[in-house]
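**Student:** I'd like to go over a predicted model; first the sequence, then the structure.
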Amino acid sequence: MDPSPLNIPPLRDLTIENITENVILTNSLTEDARMKYVLERLVTHLHDFARETRLSFDEWMAGIKFLTETGQICSDVRQEFILLSDVLGLSLLVDSIDHPKPANSTEGTVLGPFHTHEAPSMSHGDRMSQDPNGEPLLVACTIKDREGNPISGVKVDIWETDSTGHYDVQYANRPGPDGRCVMHSDGKGEFWFKAIKPVPYPIPHDGPVGKLLKKLHRHPYRPSHMHFMFDKEGYDHLITSLYIRNDPYETSDAVFGVKNSLIVELAKVTFSSTQFIALYDILWAEISNNVISIDFIRHTSKSLMEPRKLSFPIASNGLQNHDGIIAGAFCRTLLARAYREAKSRKRAYVLINPNSGPGSAMRIWKNEVKPIFDAGRMELHVVNLTHGGQATELAEKIDLGKYDTIIACSGDGTLHEIFNGLGNRPDAGYALASMPVSHIPCGSGNAFSCNLYGSHRASVAALAIVKGIVAPIDLVSVTYSERRILSFLSQTVGITAESDLDTEHLRWMGSARFEFGVITRVFKQTCYPCDLALKVEIEDKQGIKAHYRRHASSTEDPGAAIREVAKANLAVGYDLPELKYGTVQDSIPESWKLICEDKMGTFFAGNMAYMSPKVNIFPASNMTDGLIDLITVNGDLSPVTALRVMSQTDSPTFFDNPHVKYRKISAYRITPRNQDDGCISIDGERIPFGPYQAEVHQGLGRVISKSSTYQVEGPANWDKAMIPD
């Protein structure tokens, strides 16, 4: 743009009197009217400030140095410029100007420098702060409009310090977010959560802003408060805080944030003396030294549990008198009802794989699992695994009469080793039918725990093992070359196999590595041609839903008949069952269906429903129906369609997707074609690329489970399927 029409003189020999108007004229070339106006006022006031104060060069350089240092100390978790704005009162002024509030609405206040976008989502009643030293605080709020009507669905962002006055982001080695959360108001406009009582704290004063405050003889302290941010489309955005009355810094907040309308009184909450504890959460009850002690589970959040103890004294001579008899009977009755058919005080052989998944198994065992097992009075024999295949070696030699379960504190790979170790024994059939396997999830997928315990969280699984029952489960024999192995989870070829086996180096990502693997492969539209031979039992999806409904609606114990057969076999001991259809080396039976697949993208056969926490690939899977669930998906789908299909694996709609072929089979053989090499995954473990054959063995294995069924929803609308007479 030619500046000549603006009558700007040559920009030299400018004076104190004319420099301001010339700078403003030069900046006025912008077409952004708002920017032009803001810069005009800023330059005017900055120049007036310099003229009014007769600003020296040294003072100007000191200011430049101060601003430079302020910028240099800023980071993703520390915003020194916001802090500077706060202590100068500018933050509050801008908020008051930009968000004027009517008299009957909640006032806003400063954001502060410690808000982040990594706060976890929580449900009402969850515990926001895990600080054990803070004074417990119950926060209950209602959000209303100006007419007093409740507002539902408001996103509420909350954050506070710990009991020492530090935010989580101020710790260099913090394990993750704490003292902050996001939740939404319910239909009544309400939300509530557990926190700790806020404490006064100093704003960061080790940087340039702190030096400024010291020079001004100002303290750096903020009064006790908790931050809130409210957001819902159609409503004014609100940033505010609640302050505790009578705080020593109530009238001298370092950032000028306190307003009378935001000061609240804290009241003591008196709970009923009656405490309700679910029977499932009762771990133990006993009398010792005239005291009844009850160990139980406290739910600190949706995904974390920890043991607690209640104690009740009885009469000093109670153990000899009528009260003592009643107390003893109470403990025995309580335990009988709490455990029902589950065995209490289980004897466990625990195998910890420190290299599973993200590598947190030892920490998880020590902090989340062992305290629950100890409270449940379990007898533990713990082994730390040191090399691959060690779990197989230990399972081959385990004393079957010494333990009630063998626990893998690991990912699903160690479970694969355990089942195959039991299957390698001379008394393999006996071992598999008498040694229940259980799982503490510490890996990437954690499918076993998701299916049997309904969660991939370690403490949830620990409680499920303490209170779990022995249940039968189908296992699959896989033969390739001259070998025979057992599979408890899945067998897959194609995209899903590559997404598992070729992302081993990304174990630090947890289950997200599988999703990453799929996304990076569907764009190639790779096909894996092969020949299939299937022993099909149910071909159509409606028939599969009817089959699922028949099993889900049955009032009979699904494992009862299988256990009766096992009892007879256990009396004498037996090897693995014979293969009905031979091995991959034998001829294909005439009754099998032969399919030539030229466009195979994914071949996925499964014994369980969940393959990872959000991936319910086989919703119609059943623990003991003697069938393998099989899905196939073409590889030539457009990337958009393929991603849409894969994104539905956490939804009931996946089963009914027309691009997903779903069958129930009892055996199969797959023979890859036109490929020199590729990936075949059995329970997440690689086997040599080439033909292999599989067949199911109904109820061959044993597990510790919450029930005799998987903890899954089933395919969409299975309860409406027609069951043939």
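**Tutor:** Thanks, I have it.
**Student:** The host helix or strand of Arg332 packs against which elements?
**Tutor:** Arg332 is part of helix 322-339 when elements are defined by DSSP states H and E. On a contact count with 3 or more C-beta pairs under 8 Å, 6 or more residues apart in numbering; DSSP states H and E, helix 322-339 meets strand 282-288, strand 291-299. All C-beta atoms are positioned from the backbone trio N, CA, C, and that covers glycine.
**Student:** The next helix or strand after it pairs with which strands, and in what direction?
**Tutor:** Following helix 322-339 in sequence order, the next helix or strand is strand 347-352 (DSSP H and E). If you go by DSSP bridges, strand 347-352 pairs up with strand 379-384 (parallel), strand 405-410 (parallel).
**Student:** Including mean pLDDT, distance to Ser477 and mean neighbour count, could the helices and strands packed on helix 322-339 go into a markdown table?
**Tutor:** Conversion of the helices and strands packed on helix 322-339 to a markdown table gives the following (pLDDT from 0 to 100; distance: least, C-beta to C-beta, whole Å; neighbours: other C-beta atoms under 10 Å):
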| stretch | mean pLDDT | distance to Ser477 | mean neighbour count |
| --- | --- | --- | --- |
| strand 282-288 | 92 | 38 | 18 |
| strand 291-299 | 90 | 39 | 18 |
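**Student:** Now name the helix or strand holding the residue nearest to His659 when sequence neighbours are not counted.
**Tutor:** Leaving aside its chain neighbours, His659 sits nearest to Val645 (5.2 Å; criterion: C-beta to C-beta, 6 or more residues apart in numbering). Val645 belongs to helix 639-647 when elements are defined using DSSP H and E.
**Student:** So for that helix, mean pLDDT?
**Tutor:** Helix 639-647 comes out with an average pLDDT of 81.
**Student:** Show me what the next helix or strand after that helix is packed against.
**Tutor:** Using DSSP H and E, the helix or strand that follows helix 639-647 in sequence is helix 653-656. Where contact means 3+ C-beta pairs under 8 Å, 6+ apart, helix 653-656 is not packed against any helix or strand.
**Student:** In helix 653-656, which residues are buried?
**Tutor:** Of the residues in helix 653-656, Phe654, Phe655 count as buried by neighbour count, 16 or more other C-beta atoms under 10 Å.
**Student:** can you check stretch 677-697 too?
**Tutor:** Residues of stretch 677-697 classed as buried by neighbour count (16+ other C-beta under 10 Å): 678-685, 687, 689, 691-697.
**Student:** With stretch 342-355 instead?
**Tutor:** Those would be Ala342, Lys343, Lys346, Ala348, Tyr349, Val350, Leu351, Ile352, Asn353, Pro354, Asn355, for stretch 342-355 by 16+ other C-beta under 10 Å.
**Student:** which of those has the weakest pLDDT?
**Tutor:** Of all the buried residues of stretch 342-355, Asn355 has the smallest pLDDT value, namely 86.
**Student:** Just read off the phi/psi values of that residue.
**Tutor:** Main-chain dihedrals, Asn355, degrees, to the nearest 10: phi -100, psi 10.
**Student:** For it, give its distance to Leu489.
**Tutor:** Relative to Leu489, Asn355 is positioned 19 Å away (C-beta to C-beta, to the nearest Å).
**Student:** What is the distance between the helix holding Val645 and the centre of its chain?
**Tutor:** Taking C-alpha atoms, centre = their mean, to the nearest Å, one finds helix 639-647 lying 23 Å from the centre of the chain it belongs to.
**Student:** now stretch 378-395
**Tutor:** Relative to its chain's centre, stretch 378-395 lies at 27 Å (C-alpha atoms, centre = their mean).
**Student:** Would you mind confirming that the residue nearest to His659 makes contact with Asn657?
**Tutor:** Yes: counting by C-beta atoms under 8 Å, Val645 does reach Asn657; the two are 5.7 Å apart.
**Student:** in the stretch 451-600 of the chain, which spans are strands?
**Tutor:** Ranges of strands within the stretch 451-600 of the chain are 469-480, 483-487, 490-494, 530-538, 593-597, 600-606, based on DSSP state E, counting those that start in this stretch.
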